[in-house]
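Asker: Sharing a model prediction with you, sequence too.
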Amino acid sequence: MPVHHSAASYCLGIESTADDFSVGILSFDGEVLANVISAHVPEKGGIHPREAARHHAEVAGKTVEDALQKAKIEPRRIQAVAFSQGPGMGPCLRTGATAARALAAYLQVPLVGVNHCVAHIEIGRLVAGAGDPVTLYVSGGNTIVSAFEAGRYRVFGETLDIAVGNCLDVFAREVGLHPEERMPLGAVVEKMAGEGQNYVSLPYTVKGMDLSFSGLLTAAIQLFQEEEHRLEDLCFSLQETVFSMLTEVTERALAHTEKTEVLLTGGVAANERLQSMLNQIADEHNARFCVVPKEYALDNGAMIAWTGILAYQHDMTVPIEKSFVKLKWRLDDVCVPWHGG
Amino acid sequence: MLIKKGAEASLYLEKWHNRKVILKRRLPKKYRVYELDEEIRSYRTIHEPQIIQRAKKAGVPTPTILMVDLAEATIVMEFINGKQIKQVLDDFSSEERCRLCCLIGKLIGRLHNCGIIHGDLTTSNMILTPDGRVVFVDFGLSEHSPELEAMGVDLHLMKRAFQSAHYKHAKTSFGMVMKGYAEARGTEAAKNVIKRVMEIEK
């Protein structure tokens, strides 16, 4: 195996909170050497935690191998193994944790438990060039508006029920849309919405800084079943409503914190309509808008490896016997001493 | 004169028939589609003065509404002289802070007794006047609801505001809020709501 980066130190990160199993390898100075993602695509319906975990177990060995090969480094150069310790689905988290523990034990290096939500923000700061942003993190499992304040990423707003990505996905499935080649469900909804133009009123639920999507989802499905509107118009209206809600809350956080950057990340970050809305409010508040490129916005191992490096450098390692997964680990429970503020 | 450009509305300090007033104007948001934007702005412009009035009746100090201009999505209201709780809370002695938080809790309790959900309970939306009153402002996201869930969310937001803006004393401050809340609502009702707050946080 050719060895490129002989002198440097590396961290290998394993991500397995939901339907993706991914391994990333980064050098301590932030160079991404590998970011291999193996996605579990259910035959129908949403993610079944046990099915996804089975997938993770099947691909774990191969994915680690692929990542090492891609990074072109010897395993003994790895100085720490990081894994997403939570939040996420139990069976999926446990599978990734098991792989990480085995690897750390085998390589005789420290294990670092990383908070998945923190990782999404940290990789955004690394690759999208945001220093101290208000972050909107939107995915199938999370909807969080946060900003750094006194040692932690404080949660300024979040969903009170389902995540926005889940709302879009469930709607899409209920109305009979399917993921297309290289196009996840959310992208199919986005494409359809692009062909809609008549706004149909839907419940707009912002409570302070928090959001609720479940009533809106039910209402949208009911409208579809009434067959009085084109599906394109419903997709358009659904997108407009949920993204307006997200944008309003992000703007409130921006006005409140007076930060000068807005960072958009997570699986839903790929949506161009959402990007353009956030761009507009960033502009209005003289803030810079940064969006995380898709490869690093989706769940990925690179973000875990990078956050693992930051934590490792602050001695935040975890002994294997204490490395239980934390299914509901909140973003604002984590100290981030590496953040300059 | 523009004094605050919030996310939801802009506040202007103006002279109106020889009084100092606040103009609250909901400017169109370009990021929203026209229909949705109109719907949100006119709904909030009508709704907010109504709730402010009801809150006042419930014994919660609020600004007096002087005029509503629906076409411009503008509300003209009394200017409240004082400081935002957010600005002063951390500077107070712990005794003063507890007294103030207890009062805030009592006022929230009075709102909830009438089924008014403030919807945006933060310390920026409360003003401490020189005579020691706490005036609740910004009812833009308020609603009527008898539901335990809505009240739970309301208090959850208050708690979160303490955690994000006043993290040093968040726990004791919110504890005092709950004490005042229980005084206004009775122990039983308060207990149920706090139970719900805990469920929401799970």
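Answerer: Right, received. Where do you want to start?

Asker: Kindly state the domain boundaries assigned to the chain.
Answerer: As the question left the chain open, I've gone with chain A. For chain A, the structural domains run A:10-121+A:298-333, A:129-291, going by automatic domain parsing.

Asker: was after chain B, sorry
Answerer: B:2-78, B:83-201.

Asker: okay if I get the domains of chain A as a markdown table plus mean neighbour count, distance to chain B and mean pLDDT?
Answerer: Placement of C-beta: from N, CA and C, glycine included. Shown next, in a markdown table, are the domains of chain A (neighbours: other C-beta atoms under 10 Å in any protein chain shown; distance: least, C-beta to the nearest C-beta, whole Å; pLDDT from 0 to 100):
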| stretch | mean neighbour count | distance to chain B | mean pLDDT |
| --- | --- | --- | --- |
| domain A:10-121+A:298-333 | 21 | 7 | 96 |
| domain A:129-291 | 20 | 4 | 94 |
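
Asker: CSV please, covering those and showing distance to B:Lys30.
Answerer: Shown next, in CSV, are those (distance: least, C-beta to C-beta, whole Å):
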stretch, distance to B:Lys30
domain A:10-121+A:298-333, 27
domain A:129-291, 6
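
Asker: so B:His85 touches B:Leu121, yeah?
Answerer: Rather than His, residue B:85 is Ile. No: using C-beta atoms under 8 Å, B:Ile85 is not in contact with B:Leu121, being 10.7 Å away.

Asker: quick one, what contacts residue 162?
Answerer: Defaulting to chain A. By C-beta atoms under 8 Å, 6 or more residues apart in numbering or on different chains, the residues touching A:Ile162 are A:Val170, A:Phe213, A:Ser214, A:Leu217.

Asker: nope, chain B
Answerer: Applying C-beta under 8 Å, 6+ apart, one finds that B:Phe162 lies in contact with B:Thr123, B:His169, B:Ala170, B:Ser173, B:Phe174, B:Val177.

Asker: so the third one touches B:Arg160, yeah?
Answerer: No: under the contact definition of C-beta under 8 Å, B:Ala170 does not touch B:Arg160, with a separation of 9.1 Å.

Asker: those strands in chain B, which residues are they?
Answerer: Secondary structure of chain B (DSSP state E): strands at B:2-5, B:10-16, B:19-25, B:65-69, B:74-78, B:83-84, B:116-117, B:126-128, B:134-136, B:143-144.

Asker: same check, this time on chain A
Answerer: A:10-15, A:20-27, A:32-39, A:78-86, A:111-115, A:134-138, A:143-149, A:152-158, A:206-207, A:210-211, A:261-265, A:288-291.

Asker: Now, the contacts of A:Ile162 that are in helices?
Answerer: Of the contacts of A:Ile162, the ones assigned to helices by DSSP state H are A:Val170, A:Ser214, A:Leu217.

Asker: Specify which member of those residues is nearest to B:Ala58.
Answerer: If you rank the ones in helices among the contacts of A:Ile162 by distance to B:Ala58 using C-beta to C-beta, A:Ser214 comes first, at 29.9 Å.

Asker: doesn't A:Ala163 make contact with the closest one?
Answerer: No: between A:Ser214 and A:Ala163 there is no contact under C-beta under 8 Å: 10.5 Å.

Asker: Just give me the longest helix of the chain.
Answerer: Unless you meant another one, I'm taking chain A. Using DSSP H, we find that the single longest helix of chain A is helix A:231-257.

Asker: wrong one, I was asking about chain B
Answerer: Across chain B, the longest stretch assigned as helix under DSSP H is helix B:34-57.

Asker: can you list contacts of it?
Answerer: The contact list for helix B:34-57 (C-beta under 8 Å, 6+ apart) reads A:199, A:201, A:204, A:240-241, A:244, B:8-9, B:24, B:26, B:28-29, B:32, B:62-65, B:68, B:70, B:73-75, B:77, B:111, B:114, B:116, B:136, B:139-144.

Asker: for stretch B:112-122, same thing?
Answerer: A:207-209, B:51, B:54-55, B:57-58, B:86, B:108, B:111, B:125, B:136, B:138-146, B:150-151, B:153-155, B:157-158, B:161, B:165, B:181, B:184-185, B:193.

Asker: Tell me the buried residues in that stretch?
Answerer: B:His112, B:Ile116, B:Ile117, B:His118, B:Gly119, B:Asp120, B:Leu121, B:Thr122 (16 or more other C-beta atoms under 10 Å in any protein chain shown).

Asker: Give me the distance from that stretch to the chain's centre.
Answerer: Averaging C-alpha positions (C-alpha atoms, centre = their mean, to the nearest Å) puts stretch B:112-122 7 Å from its chain's average.

Asker: Mind listing what's buried along the helix or strand bottoming out on mean pLDDT in chain B?
Answerer: Lowest on mean pLDDT, DSSP states H and E among the helices and strands of chain B sits strand B:2-5, with a mean of 86. By neighbour count on 16+ other C-beta under 10 Å, the buried set for strand B:2-5 is empty.

Asker: who are the neighbours of it, in terms of helices and strands?
Answerer: strand B:10-16 (3 or more C-beta pairs under 8 Å, 6 or more residues apart in numbering or on different chains; DSSP states H and E).

Asker: let's go with 10 Å and repeat that
Answerer: Strand B:2-5 is packed against strand B:10-16, strand B:19-25, with contacts defined by 3 or more C-beta pairs under 10 Å, 6 or more residues apart in numbering or on different chains; DSSP states H and E.

Asker: ok, now how distant is A:Val81 from A:His229?
Answerer: From A:Val81 over to A:His229 the distance is 51 Å, taken as C-beta to C-beta, to the nearest Å.

Asker: Show the contacting residues for the closest residue to A:Ser276 other than its chain neighbours.
Answerer: For A:Ser276, ignoring the flanking residues on the chain, the nearest one in space by C-beta to C-beta, 6 or more residues apart in numbering or on different chains is B:Tyr31 at 7.6 Å. When contacts are counted by C-beta atoms under 10 Å, 6 or more residues apart in numbering or on different chains, B:Tyr31 touches A:240, A:243-244, A:247-248, A:251, A:273-274, A:276-281, A:283-284, B:37.

Asker: Could you look over the strands of chain B and pick the most buried one?
Answerer: Scoring these by mean neighbour count under mean count of other C-beta atoms under 10 Å in any protein chain shown gives strand B:116-117 as the most buried, with a mean of 27.

Asker: List the neighbouring strands of that one plus their orientation.
Answerer: Note on strand B:116-117: by DSSP bridges, its sheet partners are strand B:143-144 (antiparallel).
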